[in-house]
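Dropping a prediction and its sequence here:
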Amino acid sequence: MDLDLRRADYSLSDDQEALQAAFETFFERECPATRVRSAEPFGFDEELWQRLAGMRAVAMGVPESGGGDGAGLEELILVAEEVGRRVAPVPVIEAVVAARLLAAVPAGADTLDAVLRGSVIPTIALHAGGGDQLVPGGSVARAAIALVGDDLVLAERDRPPEQVANQGHAPIAWWDLGGSDVERRTLATGREGRDLFEQAGREWRILTSAALIGMSRAVLDLGVQHARDRVAFGAPIGTFQAVSHSLVDVAMSVDTGRRLVRKATWYQQHEPGVHRHLVPMAYFYAQEAAVEATTVAVHVLGGVGFTVESDAQLYFRRAKGWTLVAGDPQRELGALADQLFGPAQVVGA
Amino acid sequence: MDLDLRRADYSLSDDQEALQAAFETFFERECPATRVRSAEPFGFDEELWQRLAGMRAVAMGVPESGGGDGAGLEELILVAEEVGRRVAPVPVIEAVVAARLLAAVPAGADTLDAVLRGSVIPTIALHAGGGDQLVPGGSVARAAIALVGDDLVLAERDRPPEQVANQGHAPIAWWDLGGSDVERRTLATGREGRDLFEQAGREWRILTSAALIGMSRAVLDLGVQHARDRVAFGAPIGTFQAVSHSLVDVAMSVDTGRRLVRKATWYQQHEPGVHRHLVPMAYFYAQEAAVEATTVAVHVLGGVGFTVESDAQLYFRRAKGWTLVAGDPQRELGALADQLFGPAQVVGA
Amino acid sequence: MDFSIIELDDETARFRDEVREFCKRYITAEVLDAEYRDGNGFDLELHMALGERGWILPTWAKEDGGAGLTGLKASILALELEAHHAPSITKGTTTLVLPAVMRWGTDELKAEVVPGVARGDIRFCLGYTEPDSGSDVAAARTRAFRDGDEWVIDGQKMFTTGAQNCQYSFLLTRTNPDAAKHKGLTMFLCPLDHAEIQAIRTLGGERTNMVFYDGVRIPDRYRLGPVDQGWMVLLGPLNAEHAMADSAPPVTLDSPGGMYGISAVFALEAAVAWAATPGPDGRRPIDDPLVRHRLARHALDVEMATIATGPAGRIISSEVAIRVGADLIDMVGPRGLLPRGEKGTVEDGWIEHSHRFAQGTATYGGTTDVFRNIIAERVLGLPRSAPPTKSPS
Amino acid sequence: MDFSIIELDDETARFRDEVREFCKRYITAEVLDAEYRDGNGFDLELHMALGERGWILPTWAKEDGGAGLTGLKASILALELEAHHAPSITKGTTTLVLPAVMRWGTDELKAEVVPGVARGDIRFCLGYTEPDSGSDVAAARTRAFRDGDEWVIDGQKMFTTGAQNCQYSFLLTRTNPDAAKHKGLTMFLCPLDHAEIQAIRTLGGERTNMVFYDGVRIPDRYRLGPVDQGWMVLLGPLNAEHAMADSAPPVTLDSPGGMYGISAVFALEAAVAWAATPGPDGRRPIDDPLVRHRLARHALDVEMATIATGPAGRIISSEVAIRVGADLIDMVGPRGLLPRGEKGTVEDGWIEHSHRFAQGTATYGGTTDVFRNIIAERVLGLPRSAPPTKSPS
């Protein structure tokens, strides 16, 4: 064993803490659960989106050369965690990732301008290939970036396709990338196109991981509060280890998962060629943690947790609803394995 | 859905209950933990083996035409559960399975006679193929049945090879089926040989499943007793759900696992062509349950459970020790899938 | 041990055909769509048609409103209804309560309700749970005050599933707040005419209710059992619901069983059907080693959910449904999120629904935690894990 | 956030080389074999060699017996020792106790023991646990009676790991059985000359001990802190052991960390090495989709075990070691059962050993259950889950 000696500093800088606090305050004020609920079933709140633009939530992630504020992933995960914590009905993760992609290619400049002006919401079609696919943010976006064949393509529509009803009440829609109602423009080709697309997918996963940690943390808070208040058999239910230890497991996942996300983020931002397994690892862990956290919360809240009046179920629906658009999460372990162990050697049948 | 209407009767007949009681009494008297301990590290107690012959433990499973008592698997699992419950240091499962196989082919008659007279302990080499393999009971057996190529072969040695030290203190040994110190005789060939070998493997799995249920039940009893007696923080530790609920999970696995084993046994005995997935299913479940049960018991017993003086660790070692000789248990799920879903269609790389 | 095929004699085979015909006729696509949409757990036409044939109380004598069925036929009926996804919650609560009515009700009360139960036009729901008491059933605070020959009920019940379909609630009330927790309770079969029912929707798509009893007056004949001894009256149905008896049916359709296992059975069947169908690339998911491995594991879990009995069956079937549902929806990927009826939905949305539905099963009729306590105390003989019980304040 | 490479200046790089040379010289195959066989957690020659260099207390000033190392160098030292599998249990208990000796010991006592600790010839073990008290540390019943200027110790300690390597035990005694549970305890640094040590072997192959104190007389100078206030004295080392402080090292070798995670790290590395080697059929197990999937999952779990901190790190690393160990041994199949040194053993028996060893980690220094209680109460602010504490009777 002869590995590099590295720092292991998971803390935030003062600036980062200020940024986090600003978005925490923003979402706490602007996005209570009532707002999430009233945005159902479409999963989009136009007014919140406008106010978020005022916070430069998308612009901040765009390089200064592209007209943005040049924030890195380290900052963007702080925003994403707050988005997840309030399950805010805005496709900010997709828009940031797409905007950063647009900024990376000259051909994206016009659309990027429109994005920064607020006239277009961009998104990313997560699955390589030219056919019909469910696109996150796809029911509110007019521009989707996709990998079709070897080309990184910008697909634009006059207006977004209709939302598809879904478990997470997310603004997803079928986009037929080869359809006649779509205008396509090539942004980059070959290796460059594939690399940019892959990078965007990794950024989407990182930011979604952070959002999932935020979700988990929020339902943990709900569960802990209930476990303190609710009395059964003469004692608060938090005195029963069946309850308290499940909540402890969630708390451990939140804290440790957040550390993993930060580590993955740092490498992706500063040494993207190193430890590439950390991104699928963080994403897989965070989605698993969110499913567990929301399941535990619904259970700890008992019958009440299972009613549609409960905030816990808002989160439960989105734990799958915000991730499955990228496909079966177990496949992330395959990506992880390829990075850690090298690709599998094909074995004859 | 248009399936057969079937009985679902998991109970024992009066005769079966009497048989179970007889072996329970026998092992309780003849095989206390001290006996298991003193048979370590070789994993074989010659005297116990002789007394077990007096109970006709091997002979009972041989058809009457072969000089045995003609008992079926339904009865043999009752014996196997008691073997597992006392982790008895005798290779009775291997010997019964091998003896039944010998009885199924004319060429096995002489060796079967020697087995029934008590002069030879037979066993089965679980892995198809002619090379070196670890054979359960292989350090006390002089005859091992194996599938070499398409031939069902009886491999005999003047004396058993030396035992290999192993986690379960089981009497396992390397057998080189192609070695010069082995005399080989063909018992059956082609389809017949393969089918007999497969059936023997299924019988071994069924009986081992029952033994694993017995193990789990025994450590559950240890854990429950300790949870009642041991006081911490002013109360018996069984009052803490972290303890009691883990024990409950084990209890559920024991009861439900036993039902599964009985169901699989019944089909294997009475309608071996139907529901063939039940055998790998029962085996996989039972081994997983035993690992969980022994892990929980060691944990519930705390520091004491982790000392070699603890009976719990005798079981812990054998949960893996008695099963891994058959290979990675996860592979059983593959067998299960092939039976339930049909074989996988080969997909080009 | 006996898992052999039950050979049906001609008459029984005809009976099975008759049941299947019945199911096809009454459990239509419209009924299933309505059930999916409204989560009623009940279809009036189906229920009345069952009553017409004596099939609500199938083993009861014909003269008592039943059909005089043998145990075998009754099992066939139950299994076919289940296999055809018959909405059954209200039928279940009604027949769960009926034994207590038979045991404790006055002749007058029985005459009032029993024939209607058999016919189908009288139905019962369970009135135990309150906003502040769930698994801790005996902590109920709904008050019943005696006023001459009548009782006045004041309080609020929660999760009275099926109340909108029922005429009576099997109602747990506190008649003596000064007595020990389990000693001051009285049970009623309370008519619902004057109660206010308010719908609650669940994550699983089911409808349940809050029921408000605001000075509801009922005659004393609706009392079940002695005053202040309601706990004894309640225990029968409660234990039946807690599956404390060995609940394995004597026969079983050779597949589904278990309390909540059925939901996992259907979801697994849907997933296997999906996996055996070639995708756009021409490959069947089931030929993928990982999909195959996971389905095999789930098949094992679902098998355990269906063969487990008693409280273990209740726990295992619920937890398997949760675990399996969560992975099946993953396996299917994006389309797994789409509900019944959407473009691109998989296998009629069974998997999507099952993932949500499963969550509630760990709470219905007492949480899985409470059931583990029951096993710990009653089966393993461990000391009580709950802190000393205090009366609700 | 900062995970950047620490560029070593020439002097620090030389220091690292020196440490590696040291490890090669003292942590030989014989040392490792002996450790595997005897489970001592200690090698005298290695320990004395560390002492010679001031590396037992590396950040202490040279004049106090340390080496005056910077934090970075001390981390390098610790990480290299760990990576080379240095037996370290007795060094660990010694340095865990030392702060309490510095805080509470008299000058006379410090003069007696501290230089020896630094040199290596004085070592401490932990004397908390008794046959009837484990995680419930404060339930100890070993008595200490005052007799003039001396104390007489009577009792029995359990799991005093490393006692055979130590001169003193950090001993928890009860001096006032009439006081409340936590109020009648007194701590001593008790010389072991007159205690009787009896070996206990563990499933994991470690040696630990029962220690009998049968009228052992010790002068009062061995008392640490005030009489009857031993709980306060004990809390420092106990909290350090319970990892209540954020225990993440400021730097880390870019792989192992965590309390018990290291065992899982080594087992996983062994399994990956095995899987990347072609088997008799010429295929590498790691190309099998199922093996690959499982190893990826374990890599994730092991990562979590190494990056978790505090009590969570203690719980996660132990449970990961248990879970991962159990599956890795399966994956390898029959040969997974064979211990180090047997014909056919896999990767020096690391996996076989790790599966057994992991079990104890869930109990050492308090069970994982107790640590979950700690998080529930101190981090989440949930009410105590334990029944009201009573004094041991």
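Arrived safely.

Tell me which residues are up against the helix or strand containing residue C:199.
For residue C:199, the element it lies in under DSSP states H and E is strand C:196-201. For strand C:196-201, the surrounding residues in contact (C-beta atoms under 8 Å, 6 or more residues apart in numbering or on different chains) are A:307-309, C:39, C:158-160, C:163-164, C:207-212, C:214. Where you see a C-beta, it was placed from the backbone N, CA and C, and this is true even at glycine.

strand partners of that strand, parallel vs antiparallel please.
Here strand C:196-201 is paired, per DSSP bridges, with strand C:207-219 (antiparallel).

List the contacts of whatever helix or strand comes next after the partner strand.
Once the chain leaves strand C:207-219, the next helix or strand it forms, by DSSP H and E, is strand C:223-224. For strand C:223-224, the external contacting residues (C-beta under 8 Å, 6+ apart) are C:100, C:101, C:104, C:105, C:151, C:170, C:186, C:187, C:188, C:189, C:230, C:233.

Just give the number of residues close to the one residue in the stretch 1-150 of chain C that gets nearest to chain A.
Of all residues in the stretch 1-150 of chain C, residue C:136 sits closest to chain A, at 4.1 Å by C-beta to the nearest C-beta. Residues near residue C:136, counting by other C-beta atoms under 10 Å in any protein chain shown, number 23.

Next: residue C:329.
26.

secondary structure class for it?
helix (DSSP: H, G, I helix; E, B strand; the rest coil).

any idea how far it is from chain B?
For residue C:329, the distance to chain B equals 19 Å [C-beta to the nearest C-beta, to the nearest Å].

now swap in residue C:148 and tell me
Residue C:148 is 47 Å from chain B, where distance means C-beta to the nearest C-beta.

How about residue A:285?
22 Å.

Which secondary structure element is home to that residue?
Assigned by DSSP H and E, residue A:285 falls in helix A:278-300.

In contact with the residue nearest to residue C:331 when sequence neighbours are not counted, which residues?
Excluding the flanking residues, the one nearest residue C:331 by C-beta to C-beta, 6 or more residues apart in numbering or on different chains is residue A:328, at 5.6 Å. Counting by C-beta under 8 Å, 6+ apart, residue A:328 touches C:330, C:331, C:332, C:333.

re earlier: could you list every helix and strand that the helix holding residue A:285 packs against?
Contacts defined by 3 or more C-beta pairs under 8 Å, 6 or more residues apart in numbering or on different chains; DSSP states H and E place helix A:278-300 against helix A:190-229, helix A:241-270, helix A:302-305, helix A:311-321, helix A:330-341, helix C:310-332, helix C:350-361, helix D:289-307.

what's next to the third one, contact-wise?
Here helix A:302-305 makes contact (C-beta under 8 Å, 6+ apart) with A:226, A:230, A:297-299, A:310, A:312-313, C:129, C:134-135, C:158-159, C:360, C:363, C:367.

ok, of those residues, which one's closest to residue B:252?
Nearest to residue B:252 among the contacts of helix A:302-305 is residue C:367, at 15.7 Å by C-beta to C-beta.

thought that closest one was touching residue A:299?
Yes: in this structure, residue C:367 is within contact of residue A:299 by C-beta atoms under 8 Å, at 7.2 Å.

that older thread, take the contacts of strand C:223-224 and lay them out in TSV including neighbour count and pLDDT.
Formatted as TSV, these follow (neighbours: other C-beta atoms under 10 Å in any protein chain shown; pLDDT from 0 to 100):
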residue	neighbour count	pLDDT
C:100	22	94
C:101	23	96
C:104	20	95
C:105	21	96
C:151	23	98
C:170	26	97
C:186	24	97
C:187	29	97
C:188	26	98
C:189	24	98
C:230	28	94
C:233	23	93
